[in-house]
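Enquirer: got a sequence here, can you model it:
(one chain, ligands or ions: 1)
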Amino acid sequence: MSTTKQDLVNVNLGERSYEIKIGNGVLSEIAKTIKTVSPDARCVIVTDSNVNSAHGDTLRAFLDGGGIAHSTLEVSPGEQSKSWSVFQQVVDGILAAKLERNDLVIAFGGGVVGDLAGFAASVVRRGMRFIQVPTSLLAQVDSSVGGKTGINSAHGKNLVGAFHQPAEVLIDLDVLKTLSPREFRAGYAEVAKYGLIKYPDFFSWLEQNHADVFSHGEGLAKAIQTSCEAKAEIVAADETESGQRALLNLGHTFGHALEGYTAYDGSRLVHGEGVAIGMMLAHRFSNRLNHCSMDDVTRVETHLKAVGLPTEISQIPGDLPSVETLMSFIAQDKKVKRGALTFILTKGVGKSYIADDIPPSEVFGFLTDQLTK
Ligand code: GLY
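Expert: Reported below is the predicted structural model:
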């Protein structure tokens, strides 16, 4: 039996509770995990071509070693795969593999694969169980935990989906070694987000220890574990986002609009970069509304720049968006209520709050200034 050192974080959701296992080499636990979740289960691995060529054979060897039957569905890497057409391919592929309700889907990849495979699992046979095996930093600290699944629409990001909790999350730190520096950095934006929303001590720790995190030192495991604990606490208190879970969207309303304007072209902007610029905009907008001091705005900007994340819309390659384009995406955001916009704003580092009464004209004026400065 494996003696892999691992940390456990529990996501407490009653009968939908599950464990997050974090550590170097925890991929070797996959067969044991599957047998615990659903003895005799067969599996379909949903993955993308990059992850499949880097780690697919390792995963399949662990499944073979545990005597677990499996097949693989491969999609193209990138946000473009969160589409109706790829979703249909994945759903049909799971059905073609003749998976039954006690079988399992394994989401093996970054946030795109996790969202896509989780959504497919939520609808096949009216709901199958699935295991998240996230391979990007972004997916490990955010999207694999909490049960948000879905795809994008021409109208905006993540507008079609379901809450569907995984049966288990396996976070292997070793797989991050093959991640590009750009993708690792983009995932770090979601790590910093936890500090900014309500864990200021964690933000201070990141300010001191980010170099160790980026060099895959011991700080990396701590950053991932702390992020998962924060996410688990917030999700356990508000699974379906009727309240404080919305804080996890800090920077996302602006960020999703920026991703929409680039048509999800990852060569221009990946999700975490959109979140970094979006978090910066949320702090500047909060300052404009007299809620957040300029010292805190500067502190956030200094940290994001120190790790090499973008902080300005003008850093996105290509033409600048028009304010109208960004406003049209913001108006489609899931957080619109009777004409007023909902934003996650902040009173300073670790003091975010939900503002659901923001007039669109305020946002329009703010974005006009940001695009012309
Ligand atoms: N990524 C935001 C959430 O899971 O609620």
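Enquirer: closest residue of the stretch 151-300 of the chain to the ligand?
Expert: residue 248 (3.8 Å; C-beta to the nearest ligand atom). Bear in mind the C-beta positions are built from the backbone N, C-alpha and C, glycine included.
Enquirer: contacts only, for that residue.
Expert: 142, 146, 193, 197, 231, 234 (C-beta atoms under 8 Å, 6 or more residues apart in numbering).
Enquirer: what ranges do the strands span in the stretch 251-373 of the chain?
Expert: 336-337, 340-346, 352-358 (DSSP state E, counting those that start in this stretch).
Enquirer: surely the residue of the stretch 151-300 of the chain closest to the ligand forms part of a helix?
Expert: Yes - applying DSSP: H, G, I helix; E, B strand; the rest coil, one finds residue 248 inside a helix.
Enquirer: relative to residue 235, how far out is it?
Expert: Per C-beta to C-beta, to the nearest Å, residue 248 is found 8 Å from residue 235.
Enquirer: shared neighbours of these two, anything?
Expert: Contacts common to residue 248 and residue 235, judged by C-beta under 8 Å, 6+ apart, are residue 146.
Enquirer: show me the shaky parts of the protein.
Expert: 1-4, 333-336 (pLDDT under 70).
Enquirer: do you know how far the residue most central in space within it is from the ligand?
Expert: With distances taken as C-alpha atoms, centre = their mean, the residue of the chain nearest its centroid is residue 143 (3.1 Å). According to C-beta to the nearest ligand atom, to the nearest Å, residue 143 stands 6 Å off from the ligand.
Enquirer: does the ligand sit close to stretch 339-358?
Expert: No - using C-beta under 6 Å from any ligand atom, we find that stretch 339-358 stays clear of the ligand, coming within 10.6 Å at best.
Enquirer: tell me what the closest residue to residue 360 other than its chain neighbours is bridged to.
Expert: With C-beta to C-beta, 6 or more residues apart in numbering as the criterion, residue 360 has its nearest non-adjacent residue at 5.9 Å, and that residue is residue 341. Bridge pairing for residue 341 (DSSP bridges) gives the partners residue 336, residue 358.
Enquirer: residue 329 is in contact with residue 341, correct?
Expert: No - assessed by C-beta atoms under 8 Å, residue 341 is found out of contact with residue 329, at 11.6 Å.
Enquirer: before we move on, back to that, wait, the residue nearest to the centre of the chain sits on residue 116?
Expert: No - contact between residue 143 and residue 116 fails when scored by C-beta under 8 Å: they sit 10.8 Å apart.
Enquirer: tell me the residues of this protein that contact the ligand?
Expert: Close to the ligand, as judged by C-beta under 6 Å from any ligand atom, the chain has residues 142, 143, 146, 148, 245, 248.
Enquirer: distance of the residue nearest to the third one when sequence neighbours are not counted relative to residue 227?
Expert: Nearest-residue entry for residue 146: residue 235, 4.2 Å, with adjacent residues in sequence omitted and distances by C-beta to C-beta, 6+ apart. According to C-beta to C-beta, residue 235 stands 12 Å off from residue 227.
Enquirer: what do you get for residue 61?
Expert: Relative to residue 227, and taking C-beta to C-beta, residue 61 is found at 29 Å.
Enquirer: returning to what we had before: quick one: closest of the strands of the stretch 251-373 of the chain to residue 53.
Expert: Relative to residue 53, the nearest member of these by C-beta to C-beta is strand 340-346, separated by 37.4 Å.
Enquirer: now the helices for this structure?
Expert: 30-37, 49-51, 57-65, 84-96, 111-123, 137-138, 181-198, 200-214, 218-237, 252-261, 271-288, 294-306, 323-332, 360-372 (DSSP state H).
Enquirer: name the helices or strands packed onto the longest one?
Expert: Right, helix 218-237. Secondary-structure packing of helix 218-237 (3 or more C-beta pairs under 8 Å, 6 or more residues apart in numbering; DSSP states H and E): strand 7-11, strand 18-23, helix 181-198, helix 200-214.
Enquirer: returning to that earlier point: who wins for proximity to residue 112 among the strands of the stretch 251-373 of the chain?
Expert: strand 340-346 (23.0 Å).
Enquirer: and the closest one, what does it pack against?
Expert: helix 252-261, helix 271-288, strand 352-358, helix 360-372.
Enquirer: tell me how many other residues crowd residue 42.
Expert: Residue 42 is flanked by 18 other residues according to other C-beta atoms under 10 Å.
Enquirer: ditto for residue 327
Expert: Neighbours around residue 327, by other C-beta under 10 Å: 18.
Enquirer: in space, what's closest to it - neighbours in sequence excluded?
Expert: In space, and not counting its chain neighbours, residue 327 is closest to residue 364: 6.0 Å by C-beta to C-beta, 6+ apart.
Enquirer: the one you found contacts residue 326, correct?
Expert: No - Residue 364 is beyond contact range of residue 326, at 9.1 Å (criterion: C-beta under 8 Å).
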